[in-house]
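**Q** 3D model of this:
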Amino acid sequence: MSRPLWEPSAERVKNANLTRFIEFVNQKYGKRFSDYPQLYEWSVTDIPDFWAAMWEFGQVKASAPYTQVVDDVDKLPGAKWFTGARLNFAENLLRYRDDHEALVFTGENGGQRRMTYAELYDAVARCAAALRRAGVSVGDRVAGFMPNMGETVVAMLATTSIGAIWSSCSPDFGFQGVMDRFGQIEPKVLFSANGYFYNAKAHDSLGRMKEVLTAIDSIEKLVVAPYTEAAPDLSGLRDAVMWDDFLGDGPAEEIQFEQLPADHPIYIMYSSGTTGVPKCIVHGASGTLLQHLKELWLHADLRREDRIFYFTTCGWMMWNWLVTALASGATLLLYDGSPFHPKPEVIFD
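**A** Residues are numbered from 1 along each chain as shown. Next up is the predicted model:
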């Protein structure tokens, strides 16, 4: 048998989140699991108990408890999970409010911005209040045509904090690519940067936004985050406002996290579009949160002192996965641009 390339030390295994979870399950359910294969087998045979354990171990914040984990585990699609629970997705990602770094954004042009958990909470609070002033409420759609930057994270958290539904795509999509996606969901507010950097070039986004505003009547506000230039020209863009003007400069208030059913939609994502117009894929609050926590805490062994990076645009579901890492209190490293400019090792640098 081939020797493994690497094995964790006994100390690392002892301190792993997965080891803590096995001990938690053993105590809660009277099991005697000692390794991963035993845990895995239980997780796919005693499915309700596994997800109930993940809910508790993941310290899910909910204003009302669930009365049933799942009504019919063999029903797909259509099974109802965590009936009776009331929670908010964004509240579970904003558990921390201190000076620990939450986000470190680096752009291809070399610019870097940092945001602590306290600063992130305040920015989300301002953005959520602004969205409410703009008339956004539970069930409305908010879209992002944004680079993978801090403002995108803020806009998503603000959207889901008030019970609206977030959908995003990468700013390198052409007009038809945007329309094939956002044209289906009737967003009320659209967030966009003025442009983005890729392969040593600055690319404009506002020209496409002008076309999108003309084509999608439901959009009542375009919020523009400056990126490739400090003061972009918004003339000719209906109902457009700069990011800072939209958020305002008053003191940030406490976020009013809307408490909603466990399956309340938080994301609309899309299939690739290889067999026609991209199909909308709706993800709910509890399923998304628990699946991400399972992968981040148990599989990736993520903890507060860690920094986590995944190269992704905002048009890929891995962006949504990465942002859930905020629930662990870790530091997210965000990068936007070509992974090969100015040299192939730029990502590692």
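
**Q** just the helices in the stretch 201-349 of the chain please.
**A** For the stretch 201-349 of the chain, applying DSSP state H, counting those that start in this stretch gives helices covering 206-215, 243-247, 285-293, 317-323.

**Q** low-confidence ranges in the stretch 1-150 of the chain?
**A** 1 (pLDDT under 70).

**Q** Quick check: which of the helices of the stretch 201-349 of the chain is nearest to Pro48?
**A** helix 285-293 (12.5 Å; CB to CB). Glycine gets a C-beta too; all of them are placed from N, C-alpha and C.

**Q** May I see the buried residues of the closest one?
**A** By neighbour count with 16 or more other CB atoms under 10 Å, helix 285-293 contains the buried residues 285-286, 288-290, 292-293.

**Q** follow-up on the earlier one: which one of the helices of the stretch 201-349 of the chain has the most crowded surroundings?
**A** helix 285-293 (a mean of 21; mean count of other CB atoms under 10 Å).

**Q** Output stretch 204-214 as PDB - backbone C-alpha positions only.
**A** The C-alpha trace of stretch 204-214 is given here as PDB (Å, rounded to 0.1, in the frame of the first residue of the first chain):
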ATOM      1  CA  ASP A 204     -15.900  49.800 -17.000                       C
ATOM      2  CA  SER A 205     -19.100  48.400 -15.500                       C
ATOM      3  CA  LEU A 206     -21.400  51.400 -15.700                       C
ATOM      4  CA  GLY A 207     -22.000  51.100 -19.400                       C
ATOM      5  CA  ARG A 208     -23.600  47.700 -18.900                       C
ATOM      6  CA  MET A 209     -25.500  49.000 -15.900                       C
ATOM      7  CA  LYS A 210     -27.100  51.700 -18.100                       C
ATOM      8  CA  GLU A 211     -28.300  49.000 -20.400                       C
ATOM      9  CA  VAL A 212     -29.600  46.900 -17.500                       C
ATOM     10  CA  LEU A 213     -31.400  49.800 -16.000                       C
ATOM     11  CA  THR A 214     -33.200  50.400 -19.300                       C
END
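
**Q** okay, the buried residues of helix 285-293 in CSV with distance to Ala10 next?
**A** Listed next are the buried residues of helix 285-293 as CSV, based on distance: CB to CB, whole Å:
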residue, distance to Ala10
Ala285, 38
Ser286, 35
Thr288, 34
Leu289, 32
Leu290, 30
His292, 29
Leu293, 26
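
**Q** Can you tell me which of these is nearest Thr19?
**A** Nearest to Thr19 among the buried residues of helix 285-293, with distances taken as CB to CB, is Leu293, at 16.4 Å.

**Q** got the contact list for the closest residue to that closest one other than its chain neighbours?
**A** Nearest residue to Leu293 in three dimensions, chain neighbours excluded: Gly58, at 4.2 Å (CB to CB, 6 or more residues apart in numbering). Counting by CB atoms under 8 Å, 6 or more residues apart in numbering, Gly58 touches 289-290, 293-294, 297, 327.

**Q** you'd agree Phe197 is in a helix?
**A** No - counting by DSSP: H, G, I helix; E, B strand; the rest coil, Phe197 is not found in a helix; it is strand.

**Q** so it bridges to which residues?
**A** Ala202 (DSSP bridges).

**Q** can you tell me how far it sits from Gly150?
**A** According to CB to CB, to the nearest Å, Phe197 stands 15 Å off from Gly150.

**Q** One more: Gln112?
**A** Relative to Gly150, and taking CB to CB, Gln112 is found at 11 Å.

**Q** what touches both of these two?
**A** Shared contacts of Gln112 and Gly150, counting by CB under 8 Å, 6+ apart, come down to Phe105.

**Q** Compare neighbour counts for these two and give me the winner.
**A** Counted by other CB atoms under 10 Å, Gln112 and Gly150 do not tie: Gly150 has more neighbours, with 21 against 10.

**Q** Could you double-check that the more buried one sits in contact with Arg113?
**A** Yes - if you go by CB atoms under 8 Å, Gly150 and Arg113 touch, sitting 5.9 Å apart.

**Q** Find residues that contact each of the two.
**A** Taking CB under 8 Å, 6+ apart as the contact rule, Gly150 and Arg113 both touch 103, 105.

**Q** No further queries at this time; thank you.
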